[in-house]
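A.B. asks: Generate a structure from the sequence data that follows.
(chains A and B)
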Amino acid sequence: DGGITQSPKYLFRKEGQNVTLSCEQNLNHDAMYWYRQDPGQGLRLIYYSQIVNDFQKGDIAEGYSVSREKKESFPLTVTSAQKNPTAFYLCASRLVSSTDTQYFGPGTRLTVL
Amino acid sequence: QQPVQSPQAVILREGEDAVINCSSSKALYSVHWYRQKHGEAPVFLMILLKGGEQKGHEKISASFNEKKQQSSLYLTASQLSYSGTYFCGTEEDNNNDMRFGAGTRLTVKP
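C.D. replies: Residues are numbered from 1 along each chain as shown, chains lettered A, B, ... in the order given. Presented below is the predicted three-dimensional model:
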């Protein structure tokens, strides 16, 4: 089955620890995205990548880092510099086309204790 | 630039209609509508490209007024399954970086 997978679904970490969230897609999509969603809020763009080995900062990139070594994978690292990391993180991907849209993975809920 | 959605929340009885608006202070290239159930990923509903087209998906349709820089989502004869939070995503140009509104929480009651 084609789709976007994120793992794990729930993640708990102690304050001050870095944590990496996984995002994999087998849709052969060019672009991949990371969004953060806080309770009752919209989606805010953290980072996005339109091609392997290249990525751009979104609106709230501080305290996060990404890599795009393979087309299928776009992991997000939440560093200890992120002041309030507890949130629901969504990964998305799309073909680079004017008529296509983004498709989302199931999300990872990160809780920092 | 994040779009602005209105209203923030709406409660309907089954069979009633609703309109959700999405506006931007900048010219838009495309508008994408999604519905999200609690704790789940947003699900794509439809995309509208500049040109003022209107699209439909069963009893859910949308319009895009390029000049007014806004889009509206129309839900007619609402069903219980329509409950959720609706988001609009907008792109100011064809560079694939979408921004989302804060969402409109729709509750449909029997």
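A.B. asks: For the helix or strand hosting B:Asn21, what is the distance to the chain centroid?
C.D. replies: Using DSSP states H and E, B:Asn21 falls within strand B:18-23. Offset of strand B:18-23 from its chain centre (C-alpha atoms, centre = their mean, to the nearest Å): 6 Å.
A.B. asks: swap in stretch B:73-80?
C.D. replies: Its chain's C-alpha centre and that of stretch B:73-80 lie 12 Å apart, by C-alpha atoms, centre = their mean.
A.B. asks: Indicate whether the strand holding B:Asn21 makes contact with chain A.
C.D. replies: No. On the criterion C-beta under 8 Å from any C-beta of the partner chain, strand B:18-23 is out of touch with chain A, staying 11.1 Å away. Every residue, glycine included, has its C-beta placed from N, CA and C.
A.B. asks: residues of that strand that come out buried?
C.D. replies: B:Ala18, B:Ile20, B:Asn21, B:Cys22, B:Ser23 (16 or more other C-beta atoms under 10 Å in any protein chain shown).
A.B. asks: Chain A contacts on chain B?
C.D. replies: With C-beta under 8 Å from any C-beta as the criterion, chain B meets chain A at residues B:2, B:5, B:29-30, B:32, B:39-44, B:47, B:49, B:87, B:89, B:94, B:96-103.
A.B. asks: Try it again at 7 Å.
C.D. replies: Proximity of chain B to chain A is confined to B:32, B:41-42, B:44, B:47, B:49, B:87, B:94, B:96-103 under the rule C-beta under 7 Å from any C-beta of the partner chain.
A.B. asks: hang on, A:Thr20 in a helix?
C.D. replies: No. In this structure, A:Thr20 is strand, not part of a helix, as judged by DSSP: H, G, I helix; E, B strand; the rest coil.
A.B. asks: what residues are up against the residue lying closest to it once chain neighbours are set aside?
C.D. replies: Using C-beta to C-beta, 6 or more residues apart in numbering or on different chains and skipping the chain neighbours, the partner closest in space to A:Thr20 is A:Thr77 (4.7 Å). By C-beta atoms under 7 Å, 6 or more residues apart in numbering or on different chains, the residues touching A:Thr77 are A:Asn18, A:Thr20, A:Tyr64, A:Ser65.
A.B. asks: next one: A:Lys70
C.D. replies: A:Val52.
A.B. asks: What separation is there between A:Ile60 and B:Pro7?
C.D. replies: 25 Å (C-beta to C-beta, to the nearest Å).
A.B. asks: Which residue of those two possesses the greater neighbour count?
C.D. replies: A:Ile60 (15 against 12; other C-beta atoms under 10 Å in any protein chain shown).
A.B. asks: Please report phi then psi for the more buried one.
C.D. replies: Phi and psi for A:Ile60, reported as degrees, to the nearest 10, are phi -130, psi 50.
A.B. asks: Chain neighbours aside, what residue packs nearest to it?
C.D. replies: Closest to A:Ile60 by C-beta to C-beta, 6+ apart is A:Arg44, at 5.1 Å.
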